[in-house]
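K.L.:
Sequence first, then the predicted structure:
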Amino acid sequence: MPLEEAIGSLLNDGDSVAFEGFTHLIPFAAGQEAIRQGKKDLELVRMTPDLIYDQMIGAGCARRLVFSYGGNPGVGSLHRLRDAVENQWPAPLELEEHSHAGMVNRYIAGASGLPFAVLRGYAGTDLPDHSEVGEVTCPFTGEVLSAVPALRPDLTVIHAQQADRQGNVQLWGIPGVQKEAVLSAARSLVTVEEIVDELTLQPGGVIIPSWEIDAVSHVPNGAQPSYTHGYTTRDNDFYREWDEISRSREAFGEWLDRLTAGEGDES
Amino acid sequence: MPLEEAIGSLLNDGDSVAFEGFTHLIPFAAGQEAIRQGKKDLELVRMTPDLIYDQMIGAGCARRLVFSYGGNPGVGSLHRLRDAVENQWPAPLELEEHSHAGMVNRYIAGASGLPFAVLRGYAGTDLPDHSEVGEVTCPFTGEVLSAVPALRPDLTVIHAQQADRQGNVQLWGIPGVQKEAVLSAARSLVTVEEIVDELTLQPGGVIIPSWEIDAVSHVPNGAQPSYTHGYTTRDNDFYREWDEISRSREAFGEWLDRLTAGEGDES
Amino acid sequence: MSFDSAELMTVVAARQLQNDQSVLVGVGRPSHAAILAKRTHAPDLVLIYESGTIDADPDSIPLSIGDPELAATSTSVVSLPDIFNYWLQPGRIDVGFLGAAQIDRHGNLNTTVIGEYDHPRVRLPGAGGAPEIARSCQEIVVTLPHSARTFVPELDFTTSLCRSDGEGSMVVVTDLGVLETSDQHDELELTATFPGIGVGEVQDQTGWELKVAGDVAEVAPPTAEELEVLRSLGSKPKAVR
Amino acid sequence: MSFDSAELMTVVAARQLQNDQSVLVGVGRPSHAAILAKRTHAPDLVLIYESGTIDADPDSIPLSIGDPELAATSTSVVSLPDIFNYWLQPGRIDVGFLGAAQIDRHGNLNTTVIGEYDHPRVRLPGAGGAPEIARSCQEIVVTLPHSARTFVPELDFTTSLCRSDGEGSMVVVTDLGVLETSDQHDELELTATFPGIGVGEVQDQTGWELKVAGDVAEVAPPTAEELEVLRSLGSKPKAVR
């Protein structure tokens, strides 16, 4: 399914949506397609908002952000995220923030069909005031642990190396939490570098069967400026340049104009 | 480390020990070495006792069994297990029994450093009378779910394809719950088909780093009559023959005599 | 072609499976039935074994659910944490195949013990994955021999609970006929009998007063194709009596 | 050889790591320090990045914790569920490296916000893996610039709690000196200063009455080897002021 059609039909204004991929396989092309289509009022869910959500927040797609680390890795701040939080530009952004372990376990609970997950953490910090965190008591030891509610996005979008013609998907390299993010969602979209006749299991390969995936779009380079292990390399220079682009509303606006002018380039 | 020395030094009488491997990579050689060394009063932990525990129970190694399915797959009963439970021969055997999902989650909790795990299950069945099962209430939805306590064996023994010279281990094929069983245990022993200079990640490969493993023993065919994906095949005939061998105490005794007479054959 | 009741049981069980479904399969009759379905009317049926093999397509009947054949022909092989927590528990697997030593009128199953737990007459293998299969799959197919020893008024041990939440359905295939529960009723109802078997004969082998459907059908005998494919699979499941 | 305080910070942080340890590393100074340690006194040090790369041995300094270089040189690459639940949470990783915008006298850290949460002066990246690293690793090494803005009497937000359970220890390396907690005390104590820095100068840059060890050592300057290896790593961490 062409990416334009997939985003058009699977992502609705107001949805809770997770574009996942931890430091690898970040589905940038799909995020930028959502910007082009002017999607609105989204609850953006992602452990590391990264440039992909900085772009979507700056473009005005987001109403709410559920996350655990909002920085430009190795570079510094996400300036569009900061501008939204500090100055409500282009719109106010509601925050729900967790730790990485909390977000991971929220996805695990979602994928497992459980209402919550248990972990050690949060206790004594100020995070519970700005998260959904509860407590459970171990029925065997009496120990009190933290509980986090399941994540159940309306849509999860990920990028992967390959799909076969039946729509089974394979990704490898740093696997992140993508499997759980897909399984926890009501709907899912996978952009891939390559369509192959038959999947051959790779070292480190994670396969997600077709019947848990609603649409596959063939989008080579769909993770740039992030990367696809074995296919493309990380564009570290763009991550550094983004610091400049995103620092001012003007430079960001010019970037956004270029992006939306490029409408229809993706397939 | 030679298997005789590894079992001698890592497995103590009275220990709680898990010889894991679900339908694949069952560490038979290690279990038979425990029989040869006359280990006693063990709490045997394993999802599927299979022939390996039928042999150890018949040989009088076990005091207690923690399990979820005690059959000879595709063949029928485990007669030594039944003789112990029905007739206390050669000794009474205390049972703690769970469902597969319960056992899996007990290992997950152990590997995660949590006192318990949450699942849907057990409710309404008679299992809780013969298991350790509790209840927890979701702090977000109020739903009541089952809780199972973490498994923390004194020793876990598994069989794998390869170890490198640093003691890192790789297994592939049906992975079962071996990773979790090793990580939940206080000590661990891995028997391997092959020692290699350097591990090359295989499709489906699971690597366990050396610092979570106490001893590696080089034991080719160490999973027979189970099998090692890519190395040996399952001896289905022996699984069927075991039904005859194990059915009478006499035939079993002869088998046991042959086993213990073979002392020192393994390395 | 002539056939025996064990063959018909397998064929009837296979007919419960539809082409767009996924099914959690065990060894023995479930494997025969699922592979038969996949080779006849349901070529896209997704076979899942609790060993973690997803979308297996074995050439021969596996003796164990962990046979190398299953791993080698699967789309994906996952760990036990994945198969139980990510696949079974959230209800991603449509149909579950179960057997039992005892069944009660509600479709609850005993695979644990005959007699008292602490002084068993027969110690059975135990729960395995059955309790979570019974509660997680939308449809349950149970195959077991029909007799007053198996169809009992009260289970010696409740290993697996039939879904009583108004969701899901159960079909019980015996060597005498077919019983079903559905959303409307929480009790097994005889809906079909094998050729030559009367309702009275089924009642005689059932340890409670049997609920009988208004129109009890006669099960269609195996087609020539069903029998041919079934016999080609080899290692026939045991006759049940 | 001459050196600046940023280089000495990295060198001192590297010296906290021992050869038989595993360390959870982030990008920036932690990566420089850990790789420096591995290239000098701790060749067997196990580097773990929270992206799931276990026993990484990068040739160059990664910009992101998910750089392909890390995945390619690792003994094993695991999922996020594995790294957080199986590796970090049970305390299998010995040392955790953290940074912060603010620290208090107990070693608690703020990486979330400067100012009020709902009306922030500066919105910082947030928690990431820090809260669980702080509670799970036996030893915590924190690097941050030493000033009254960073060493504050009260955090604007408590993101990560220093272990106060009597287990574990914390070492804080700044551009002025070294502070430590240990089993015996739950308050940071100045144990060493950088060459040319007096205790009074450290107190001036600390927002509370500083606890000072009986014998405050002077930090040894970088050795020629330390400096040479550090500079060969390229992409120097930013000076902290």
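P.N.:
Everything's here; your move. Numbers count the residues shown, from 1 in each chain, chains lettered A, B, ... in the order given.
K.L.:
Next up, the contacts around residue 29.
P.N.:
Just so you know, I chose chain A. By CB atoms under 8 Å, 6 or more residues apart in numbering or on different chains, the residues touching A:Ala29 are A:3, A:159, A:191, A:219, A:221-224, A:266. Bear in mind the C-beta positions are built from the backbone N, C-alpha and C, glycine included.
K.L.:
sorry, should have said chain C
P.N.:
Contacts here follow CB under 8 Å, 6+ apart; on that basis C:Arg29 touches C:9-10, C:13, C:99, C:143, C:237.
K.L.:
how about it, phi and psi?
P.N.:
phi -50, psi -40 (degrees, to the nearest 10).
K.L.:
Identify the spatial nearest neighbour of the residue in chain C that chain A sits nearest to, chain neighbours not counted.
P.N.:
Nearest to chain A, among the residues of chain C, is C:Pro90, at 2.9 Å (CB to the nearest CB). Nearest residue to C:Pro90 in three dimensions, chain neighbours excluded: A:Gly113, at 2.9 Å (CB to CB, 6 or more residues apart in numbering or on different chains).
K.L.:
same deal with A:Thr137?
P.N.:
Per CB to CB, 6+ apart, closest to A:Thr137 is A:Val144, 5.3 Å.
K.L.:
what's the answer for A:Leu78, then?
P.N.:
Nearest to A:Leu78 is A:Asp54, by CB to CB, 6+ apart, at 4.3 Å.
K.L.:
likewise C:Ala100?
P.N.:
Using CB to CB, 6+ apart and skipping residues adjacent in sequence, the residue nearest C:Ala100 is C:Leu109, 3.9 Å away.
K.L.:
before we move on, back to that, among the contacts of A:Ala29, which are in helices?
P.N.:
Among these, the members found in helices (DSSP state H) are A:Leu3.
K.L.:
quick revisit: pull the contacting residues for the residue nearest to C:Pro90.
P.N.:
Counting by CB under 8 Å, 6+ apart, A:Gly113 makes contact with B:120, C:89-91.
K.L.:
can you redo those residues as JSON lines with secondary structure and distance to D:Asp82?
P.N.:
Output for those, formatted as JSON lines (DSSP: H, G, I helix; E, B strand; the rest coil; distance: CB to CB, whole Å):
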{"residue": "B:Arg120", "secondary structure": "coil", "distance to D:Asp82": "23"}
{"residue": "C:Gln89", "secondary structure": "coil", "distance to D:Asp82": "19"}
{"residue": "C:Pro90", "secondary structure": "coil", "distance to D:Asp82": "20"}
{"residue": "C:Gly91", "secondary structure": "coil", "distance to D:Asp82": "25"}
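K.L.:
Of those residues, select the buried ones using a ChimeraX command.
P.N.:
Applying 16 or more other CB atoms under 10 Å in any protein chain shown to these, the buried members can be selected in ChimeraX as follows:
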select /B:120 /C:89,90
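K.L.:
Let me have the contacts of A:Gly113 in TSV, extended by pLDDT.
P.N.:
Below are the contacts of A:Gly113 laid out as TSV (pLDDT from 0 to 100):
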residue	pLDDT
B:Arg120	94
C:Gln89	97
C:Pro90	97
C:Gly91	95
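K.L.:
The lowest-mean-pLDDT helix or strand in chain C and chain B, are they touching?
P.N.:
Sorted by mean pLDDT, DSSP states H and E, the helices and strands of chain C end with helix C:68-73, the least confident at a mean of 83. Yes - using CB under 8 Å from any CB of the partner chain, helix C:68-73 comes into contact with chain B via C:68, C:70-71.
K.L.:
Where does chain C get nearest to chain B, residue-wise?
P.N.:
Closest contact between chain C and chain B, by CB to the nearest CB, is at C:Gly66 (2.1 Å).
K.L.:
where does that residue land in three-state SS?
P.N.:
Three-state assignment for C:Gly66 (DSSP: H, G, I helix; E, B strand; the rest coil): coil.
K.L.:
in terms of contact, does it touch B:Ile26 like I think?
P.N.:
No - judged on CB atoms under 8 Å, C:Gly66 makes no contact with B:Ile26 at a distance of 9.2 Å.
K.L.:
For C:Ser235, give me the pLDDT.
P.N.:
Looking at C:Ser235, its pLDDT reads 66.
K.L.:
can you tell me which helix or strand A:Gly176 belongs to?
P.N.:
Counting by DSSP states H and E, no helix or strand carries A:Gly176.
K.L.:
So for it, what's the nearest residue that isn't a sequence neighbour?
P.N.:
Leaving out its chain neighbours, the residue that sits closest to A:Gly176 by CB to CB, 6+ apart is A:Phe22, at 3.4 Å.
K.L.:
residues near A:Phe22, how many?
P.N.:
By the measure other CB atoms under 10 Å in any protein chain shown, the count of residues near A:Phe22 is 30.
K.L.:
hmm, I was thinking of C:Ile61
P.N.:
Residues lying near C:Ile61 (other CB under 10 Å) number 18.
K.L.:
Enumerate every residue touching the residue in chain C that chain D sits nearest to.
P.N.:
Shortest chain C-to-chain D distance, computed as CB to the nearest CB: residue-wise this is C:Pro81, at 9.1 Å. Applying CB under 8 Å, 6+ apart to C:Pro81 gives the contacts B:104-105, B:107-108, B:177, B:180.
K.L.:
Next step: those restricted to strands.
P.N.:
Using DSSP state E, no member of the contacts of C:Pro81 falls in strands.
K.L.:
Which ones among these map onto helices?
P.N.:
Secondary structure from DSSP H places B:104-105, B:107-108, B:180 of these in helices.
K.L.:
which two from those residues end up farthest apart in space?
P.N.:
Largest separation among these by CB to CB: B:Asn105 and B:Glu180, giving 9.5 Å.
K.L.:
Neighbour count for these two, which is higher?
P.N.:
Taking other CB under 10 Å, B:Asn105 and B:Glu180 do not tie; B:Asn105 has more neighbours (31 against 27).
K.L.:
Go ahead and confirm the more buried one touches B:Leu119.
P.N.:
Yes - applying CB under 8 Å, one finds B:Asn105 in contact with B:Leu119, separated by 5.1 Å.
K.L.:
List the residues that are in contact with both of those two.
P.N.:
Applying CB under 8 Å, 6+ apart, one finds that B:Asn105 and B:Leu119 are jointly contacted by B:148, C:85.
K.L.:
Now do the contacts for the nearest residue to C:Asp204 once chain neighbours are set aside.
P.N.:
Distance criterion CB to CB, 6+ apart; nearest residue to C:Asp204, sequence neighbours excluded, is C:Ala148 at 7.7 Å. Neighbour list for C:Ala148: C:204-207 [criterion: CB under 8 Å, 6+ apart].
K.L.:
Tabulate these (CSV), appending secondary structure, pLDDT and neighbour count.
P.N.:
Formatted as CSV, the contacts of C:Ala148 follow (DSSP: H, G, I helix; E, B strand; the rest coil; pLDDT from 0 to 100; neighbours: other CB atoms under 10 Å in any protein chain shown):
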residue, secondary structure, pLDDT, neighbour count
C:Asp204, helix, 97, 13
C:Gln205, coil, 98, 19
C:Thr206, coil, 98, 24
C:Gly207, coil, 97, 17
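K.L.:
Show me which pair in those is furthest apart.
P.N.:
Greatest spacing in those, by CB to CB: C:Asp204 and C:Gly207 (10.2 Å).
K.L.:
counting contacts, what elements does whichever helix or strand C:Arg231 is part of pack onto?
P.N.:
Following DSSP H and E, the helix or strand that holds C:Arg231 is helix C:224-232. With contacts defined as 3 or more CB pairs under 8 Å, 6 or more residues apart in numbering or on different chains; DSSP states H and E, helix C:224-232 has these neighbours: helix C:5-15, helix C:29-39.
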